[in-house]
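Q: dropping a prediction and its sequence here:
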Amino acid sequence: MFNIERWQEIFETLRKNKLRTFLTGLSVASGIFILVILLGVSSGLKNGVTSEFQKDATNELGVRTRVTTKGYKGLNPGRRIQLKNEDFDMLSSTYDEFLEYKSSNYNIWGGQVAYKNETGNYTLRGMMPDGQFIENCDIVDGRFINQADLDGTRKVAVIGKKVKSDLFKDEDPIDKYISIWGINYKVVGVYSDPGGEREESNIMLPVSSVQKAFNGGDNIRHIEFTVKMSENFDEAVELSKNLSLAIENDMKQKHIVAPDDEAAIRVWNTLEEAKKIYSLIDTIKTVFWVIGIFTIIAGVVGVGNIMIIIVKERTKEIGIRKAIGAEPLSIIAMILQEAIFVTMFSGFVGLIFGMGLLELIGPQVDSPFIKFPQVDFPTAITTVFILVFAGALAGFLPAYRAAKIKPIIALRDE
C-alpha cells in the first residue's frame, strides 16, 4: 500500500545527507552505465562478426589447391595441384545427401570490361546457379545464372550494383551487352551483396562459358558447397567438420598428395570458424558482465554503508517506533524501501545515459568488427532486476540490524 508519510521520511532523510546520497548514487549510476556500455560493445562485436559472415554462406565448405610441399609416393614436392570438373562431379555425387548448394568456380581477376565509352577492371566469377545462395547474392533486377545458361555455355552476365553504377550510370543494363576482353556478354541480372561494394564489383558468369571463352579447358579454381543445417548447431558443426576431413582425404588420395601436406589441398569450413568466433564473443560478453556486476557491487557497498549510517543516526527514532508498537517487519520495510529507491533511481539514471549514448554514437560506428552497438530490451530488463536485487541486498543488513534494536537501549542512545 502507498504510504505518503513514509516517502516524505525518505526524501527528508536524503535531503539532510545530500552530498553523501549524491556520491553513493553516482557510484551506482556509474556501475550501470559501465555495464550498459560494455554490453553494447559486446553486441556490436557480435553484429560485426555476423555481418562479416553474411557476406557468404555461414555453412560453407570450400576446396582450394596450391603447390605440394612434400614428396609422396615417388613424386617430388613443388607440383601444382589443378582442380578439374571431374573433381567437382566426384565430390558432388559422393556427398550429395549432406550438401545443400554446390558450385565449381573459375575466377579471373582484373577482367577488362567495357560498355560504350565506359571501361573498368572487375573480377570475373565463373560459377553455377547455386553460387547465388553460396555467395548470398540478392537479385535486384533481372535474374541469376540458370542451368540452361550453364548447359548451353551461354554468354550471359549478372553484374554487381557497383559495376552497374560504373558502366551504365542510370541506364537500365538488362539485355544490354558488355565487352569482356572483346567478347560480348549479355547482361541478364543485377545483384546486391551484404559485403558491400567490394562484393558488388564482381561479374557473375556461367562457369562453362568462362572456361570455353578464356581457354580454361576443364580446369576450375575452387569448389564451394554448403552443408545441410540441422536444428542442433553443434551437430551441424560436427557434420561440417567430418565432411571437411573426408573431402580433404578423398582429394589427397585422388591427386596423390601426402596426408600431412596441409598446403597442397585445403578445405575451409566457415561453420566451424563461426562457432569458434561466436564462442569467443560469448566469452567476451561474460567477462563484460562480470566486470559490470563487480562495478555495481562497488556501488551497492556504498549504498549499504550509507544505510548503516542512517540506521545509526535514527536509532532513537527506531526505538520510539518499536516502543509504540511498530512491528519489526515495518522497520525492515522502511529501511529496504529507502535503499531500493536510492539504488533504483541512480541505476535508472545510469541506464538511461548508457543507452542514450549508445543510441547517439552507435549509428556513427563504422568498423568491420563493431557494428551498431546497442543493448536490447531483454538485457535492459535484466539490469532492472539486478538493480532491484542490489537495492534489497544493500538495505537488508542495515534493516535487519534496525529491527533487532531493543527499545530500552535505543531510547538511551545519544
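A: Received it, and whenever you're ready, just let me know what you need.
Q: domain map for the protein?
A: For the chain, automatic domain parsing gives the domain ranges 4-52+276-412, 101-220.
Q: which strand of this structure spans the most residues?
A: Using DSSP state E to define each element, the chain has its longest strand at strand 99-115.
Q: mind listing the helices for the stretch 151-300 of the chain?
A: 161-167, 207-213, 233-254, 270-313 (DSSP state H, counting those that start in this stretch).
Q: mean confidence (pLDDT) on the second one, please.
A: It stands for helix 207-213. With pLDDT averaged residue by residue, helix 207-213 scores 94.
Q: tell me which residues in it are buried?
A: 207-211, 213 (16 or more other Cβ atoms under 10 Å). C-beta: built from backbone N, CA, C; applies to glycine.
Q: against which helices or strands is that helix packed?
A: Using 3 or more Cβ pairs under 8 Å, 6 or more residues apart in numbering; DSSP states H and E, the elements in contact with helix 207-213 are strand 99-115, strand 118-127, helix 147-151, strand 219-220.
Q: in its sheet, what does the shortest one sit against?
A: When sheet partners are counted by DSSP bridges, strand 219-220 sits next to strand 83-84 (antiparallel).
Q: what about the next helix or strand after the partner strand, average pLDDT?
A: Downstream of strand 83-84, the first helix or strand assigned by DSSP states H and E is helix 85-94. Mean pLDDT, helix 85-94: 94.
Q: got the angle for helix 85-94 vs strand 99-115?
A: Angle, helix 85-94 to strand 99-115, by axes from the mean of the first three to the mean of the last three Cα atoms, to 10 degrees: 150 degrees.
Q: and the angle from helix 85-94 to helix 233-254?
A: 140 degrees.
Q: and helix 85-94, how far out from the chain middle?
A: 34 Å (Cα atoms, centre = their mean, to the nearest Å).
Q: for it, buried residues please.
A: 85, 87-88, 91.
Q: swap in stretch 284-298?
A: In stretch 284-298, counting by 16+ other Cβ under 10 Å, buried: 285, 288-289, 292, 295-296.
Q: let me have the buried residues of helix 85-94 in JSON lines, adding distance to residue 224 as columns.
A: Converted to JSON lines, these look like this (distance: Cβ to Cβ, whole Å):
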{"residue": "85", "distance to residue 224": "14"}
{"residue": "87", "distance to residue 224": "13"}
{"residue": "88", "distance to residue 224": "10"}
{"residue": "91", "distance to residue 224": "11"}
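Q: out of these, which one sits closest to residue 74?
A: residue 87 (22.3 Å; Cβ to Cβ).
Q: contacting residues for residue 82?
A: Neighbouring residues of residue 82 by Cβ atoms under 8 Å, 6 or more residues apart in numbering: 65, 219.
Q: before we move on, what about the one 5 residues further on?
A: The contact partners of residue 87, by Cβ under 8 Å, 6+ apart, come to 63, 220, 223, 251, 254.
Q: which residues touch whichever strand or helix holds the first one?
A: In this structure, residue 63 is located in strand 60-65 according to DSSP H and E. Under the contact criterion Cβ under 8 Å, 6+ apart, strand 60-65 has outside partners 80-83, 87, 91, 134, 221-227, 240, 243-244, 247, 251, 255, 264-271.
Q: could you rerun that using 7 Å?
A: Here strand 60-65 makes contact (Cβ atoms under 7 Å, 6 or more residues apart in numbering) with 81-83, 134, 222-227, 240, 243-244, 247, 251, 264-270.
Q: again with stretch 339-356
A: Counting by Cβ under 7 Å, 6+ apart, 10, 21, 24-25, 28-33, 36-37, 300, 303, 307, 375, 380, 383, 387-388, 390-392, 394-395 sit against stretch 339-356.
Q: swap in stretch 89-101?
A: In contact with stretch 89-101 (Cβ under 7 Å, 6+ apart) are residues 102, 130, 133-134, 223, 225-228, 239, 243, 247, 250.
Q: repeat that for stretch 247-267.
A: 61-70, 72-73, 75, 81, 87, 91, 94, 244.
Q: quick one: end-to-end distance for it.
A: 8 Å (Cα to Cα, to the nearest Å).
Q: pLDDT averaged over that stretch - what is it?
A: Here the average pLDDT along stretch 247-267 is 92.
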